[in-house]
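[1] quick one, fold the following:
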Amino acid sequence: MNKSAKKPVIVYGASGYTGRLVCEYLREYGIPFIAAGRSADKLQAAMQSNVPGIETADYEVLAVEHTTAALTQLFTGASVVLNTVGPFAKFGPEVVQACLAAKCHYTDTTGEQDWLITLEAEYGAQFAAAGLLLSPGLAHMYTTGEIAAQLCLETPGLDTLDIAVFWGGSPTIASTQTILVNAATSKAFHLQQNRLVEWQPDAGLYSLAIPGQHELALALPWGGTSHPVWFRKDPRVANVKVLGGVFNKPLMMGVPKIVEAALKATEGMNEQDRYAALSQTAASVMNTMPPRENPRLNKSVDSVYASGPLGRAHCVIFGNSNYKQTGLLQAYAAHALLQQPPKRVGFASGCQAFGHHELLGQLRAFGLVAKPELSISD
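    Next up is the predicted model:
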């Protein structure tokens, strides 16, 4: 099938919570897409029941095996693959390899720092040579915080980023699974003088002062996040530390205990058994699909303090519905890539590939973030 005959965008994992939202915003952009995943029945049901206005979308549903060969066949003829199937370190390699073989741009919604490090090292140069974008982690966690950081960095002479990412609500089933698998199998790093340095693994919860509230919030390094990897080769930036969490304090207090128990229970297991055990633990923590987000309840705050030897800037972006932010960012990436090449090919963040002002403009146009509050002291 040639490029003109196949729908140009493929949402892989379209029946999941985030995948449905990506499809919803693709419909709003008027982009034809293929909703792909393992089960045609689940995909069809998700489209019909969970994607508002789907009857006006130009789409088709296709089931596919999770193998590089099957995915390559599916992707061939398309232009952009939006991947929502995690944990990405476990399920991502086949999708990336298929994108490279089929000559498709690749984005995903990961928050796994180790996956970003792997992608950059193993596939970045190959995607760049092919003129293709490899953009993992295009999602509220952490693209909205990256937008705030980039706004701060418009002031020259700032080299240190202190970032906080907070949201209201609970992680999805897939996110809970990813958090546990990531915690059990990977280290978390921050950037210190252009080097990735490990966070203290047993430091526990951190208390943070969050803009807009009197009560201190609880935070974790959350796997290290994407920012230290994205900014590692930015000549303006030498240091990046990120902490994040949910506003639900009891939930945050329980996370380290759940992770610790999962690590203890899976100690000494081989990779396959450990993954099965961690998946079971994740299901006991979160086994139901969260409700559709309510902007009055599901709020987000992304705060960045940027500093240098003689200057400071602070940017905070208040928003809502972090999963909707993710769906929109993914759909806009497809919208942009179908019309012109990205600002950077190969491994690149959302802001590096599309521009932070452009991404901010989309989030604001759809009512998902307020105008950023930026203060500069120089």
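[2] report the contact partners of Pro32.
    Lys7, Pro8, Val9, Asp58, Tyr59 (CB atoms under 8 Å, 6 or more residues apart in numbering). C-betas here are computed from N, CA, C, even on glycine.
[3] how many neighbours does the closest residue to Ile210 other than its chain neighbours have?
    Distances taken as CB to CB, 6 or more residues apart in numbering put Ala217 closest to Ile210, at 4.6 Å, once the chain neighbours are dropped. Ala217: 21 surrounding residues under other CB atoms under 10 Å.
[4] so Ala217 sits against Phe247, correct?
    Yes: using CB atoms under 8 Å, Ala217 is in contact with Phe247, at 6.7 Å.
[5] what are the boundaries of the helices in this structure?
    In the chain, helices defined by DSSP state H lie at 17-29, 40-50, 68-75, 88-102, 113-129, 140-152, 173-185, 227-230, 249-265, 271-285, 322-337, 350-354, 356-365, listed in chain order.
[6] so where's the chain shaky on pLDDT?
    Low-confidence segments of the chain (pLDDT under 70): 1-5, 170-186, 274-288.
[7] repeat that with 50
    Within the chain, the stretches with pLDDT under 50 are 1-4.
[8] dump the helices of the chain to TSV, plus distance to Arg236 and mean neighbour count.
    Shown next, in TSV, are the helices of the chain (distance: least, CB to CB, whole Å; neighbours: other CB atoms under 10 Å):
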stretch	distance to Arg236	mean neighbour count
helix 17-29	31	24
helix 40-50	41	16
helix 68-75	35	19
helix 88-102	28	21
helix 113-129	19	19
helix 140-152	10	26
helix 173-185	28	22
helix 227-230	12	26
helix 249-265	32	15
helix 271-285	38	16
helix 322-337	23	25
helix 350-354	12	24
helix 356-365	13	18
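[9] nearest to Pro309, out of those helices?
    helix 140-152 (15.2 Å; CB to CB).
[10] ok and that closest one relative to helix 113-129, angle-wise?
    Here helix 140-152 runs at an angle of 70 degrees relative to helix 113-129 (axes from the mean of the first three to the mean of the last three CA atoms, to 10 degrees).
[11] helices or strands next to helix 140-152 in the packing?
    Under the contact definition 3 or more CB pairs under 8 Å, 6 or more residues apart in numbering; DSSP states H and E, helix 140-152 sits against strand 160-167, helix 227-230, strand 239-246, strand 299-307, strand 312-320, helix 322-337, helix 350-354, helix 356-365.
[12] quick one: closest of these to Glu260.
    From the helices and strands packed on helix 140-152, taking CB to CB, the stretch that ends up closest is strand 239-246, at 16.6 Å.
[13] would you mark the buried spots in that closest one?
    Under the neighbour-count criterion of 16 or more other CB atoms under 10 Å, strand 239-246 has Asn239, Val240, Lys241, Val242, Leu243, Gly244, Gly245, Val246 buried.
[14] adding distance to Thr144, write those out as CSV.
    Formatted as CSV, those follow (distance: CB to CB, whole Å):
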residue, distance to Thr144
Asn239, 21
Val240, 16
Lys241, 17
Val242, 12
Leu243, 15
Gly244, 11
Gly245, 15
Val246, 15
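[15] quick one: the helices and strands packed on helix 140-152 as a markdown table, columns for distance to Ile147 too.
    Formatted as a markdown table, these follow (distance: least, CB to CB, whole Å):
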| stretch | distance to Ile147 |
| --- | --- |
| strand 160-167 | 11 |
| helix 227-230 | 11 |
| strand 239-246 | 14 |
| strand 299-307 | 8 |
| strand 312-320 | 7 |
| helix 322-337 | 10 |
| helix 350-354 | 6 |
| helix 356-365 | 5 |
